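In: Give the three-dimensional model of this entry:
(4 chains)
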Number of protein chains: 2
Amino acid sequence: MSYKIKSRIWIEHDDKVLLGEGRISLLKAIEETGSLSKAAKSINLSYKKAWHLIDSINKAAKNPVTINSIGGKGGGGSELTDYGKSLISAFDTINKNCWEFLDDQLVNFQDL
Amino acid sequence: MSYKIKSRIWIEHDDKVLLGEGRISLLKAIEETGSLSKAAKSINLSYKKAWHLIDSINKAAKNPVTINSIGGKGGGGSELTDYGKSLISAFDTINKNCWEFLDDQLVNFQDL
DNA sequence: TATCGTTATGTTTTTCAAAATATAGCGATA
DNA sequence: TATCGCTATATTTTGAAAAACATAACGATA
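Out: Below is the predicted model of the structure:
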């Protein structure tokens, strides 16, 4: 069967976008690099865009998702909270389940 | 639970985009109006964009999805083939199933 | 054979989002 | 107290997508 099904999912909280695929990969990059600027660079995002994303995430989330520090050793940095890590994990679970579900749904296109 | 989950799905055939939500609503509008230009107007699309969409759909599909006629009674028109109608129906089924599935998946966000 | 409302397409203009650039402020530490 | 690399934010520039505009072609039919 040469059909493919693709999807994009995102989660809103109080009608504000909380998480989507782009936001998730930014959070993962922060976890790996320990800094927002390095994270942005690593996934080819301008620092500014990355900053707005994190700002938007932290405003939509019930609890802080990152802790950002300005100045100090190394100039500062950014790291995920445990809460942030649990959000990533919940999103990844849903996304993966969704892919599997949709692949099954392609039977609706058999013979078409 | 004040979380909402949203999705966008689309179907590709031979790595070309065949159907997505925008394309589906254009096809439905053609079914209702009998003409591409009227359909475009009814869903606030420029004729040109609508034409490119239909062109792209018909190039990606195994069989023609619309029959377009130029000139003649009323200047011409556009109508769905039976094949086109069956594609719409298959897409709608998958999309609806997906929404239900994702709503269930929100349990992953309980307590978060 | 002139008319009409379409499809089909090219060209130009506008708009908006993204990227680039600039710069202020911060705090550990040497 | 000077330095450093980072966060935070404003301003300008660029580019790509969308909209707007223009026009050719078509075929039933009056």
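
In: and the closest residue to A:Ile43 other than its chain neighbours, what element?
Out: Once flanking residues are discounted, A:Ile43 sits nearest to A:Ala29: 5.1 Å by C-beta to C-beta, 6 or more residues apart in numbering or on different chains. All C-beta spots, glycine's among them, are computed from the backbone N, C-alpha and C. Assigned by DSSP states H and E, A:Ala29 belongs to helix A:21-33.

In: now do A:Asp104
Out: With DSSP H and E as the test, A:Asp104 turns up in helix A:82-105.

In: tell me the pLDDT at the residue of chain A found nearest DNA strand C?
Out: Residue nearest to DNA strand C within chain A: A:Gly71 (2.5 Å; C-beta to the nearest atom of the strand). A:Gly71 is assigned 92 on the pLDDT scale.

In: So what's the residue count around it?
Out: 7 (other C-beta atoms under 10 Å in any protein chain shown).

In: Within range of DNA strand D, give me the residues from chain A.
Out: Applying C-beta under 7 Å from any atom of the strand, one finds that chain A approaches DNA strand D through A:35-38, A:47-48, A:51, A:54-55, A:68-72, A:74-78.

In: Tell me the buried residues within the residues you listed.
Out: A:Ser35, A:Leu36, A:Trp51, A:Ile54, A:Asn68, A:Gly77, A:Ser78 (16 or more other C-beta atoms under 10 Å in any protein chain shown).

In: sorry, back to before: check which residues of the helix holding A:Asp104 are buried.
Out: Those would be A:Gly84, A:Ser86, A:Leu87, A:Ile88, A:Ala90, A:Phe91, A:Ile94, A:Asn95, A:Cys98, A:Phe101, A:Leu102, A:Gln105, for helix A:82-105 by 16+ other C-beta under 10 Å.

In: how many neighbours does the closest residue to the second one other than its chain neighbours have?
Out: In this structure, A:Ser86 finds its nearest non-sequential neighbour in B:Leu112, 6.2 Å apart by C-beta to C-beta, 6+ apart. The burial count assigned to B:Leu112 is 17, neighbours taken as other C-beta under 10 Å.

In: Then A:Ser56?
Out: A:Ser56 has 14 neighbours, counted by other C-beta under 10 Å.

In: Quick check: longest strand in chain A by residues?
Out: strand A:3-13 (DSSP state E).

In: which parts of the helix or strand following that strand are buried?
Out: Downstream of strand A:3-13, the first helix or strand assigned by DSSP H and E is strand A:16-19. Within strand A:16-19, the residues scored as buried using 16+ other C-beta under 10 Å are A:Val17, A:Leu18, A:Leu19.

In: what is the first one paired to in the beta sheet?
Out: In this structure, A:Val17 bridges to A:Glu12 when assessed by DSSP bridges.

In: Tell me how far the residue nearest to A:Ile43 lies from A:Val17.
Out: 19 Å (C-beta to C-beta, to the nearest Å).

In: Could you pull up the contacting residues of the residue nearest to the spatial centre of chain A?
Out: Nearest residue to the geometric centre of chain A (C-alpha atoms, centre = their mean): A:Ile24, 1.1 Å. By C-beta atoms under 8 Å, 6 or more residues apart in numbering or on different chains, the residues touching A:Ile24 are A:Ile88, A:Phe91, A:Asp92.

In: now, which of the residues you listed sits nearest DNA strand D?
Out: Once C-beta to the nearest atom of the strand is applied, the member of these that ends up nearest DNA strand D is A:Ile88, at 17.7 Å.

In: That'll do, ta.
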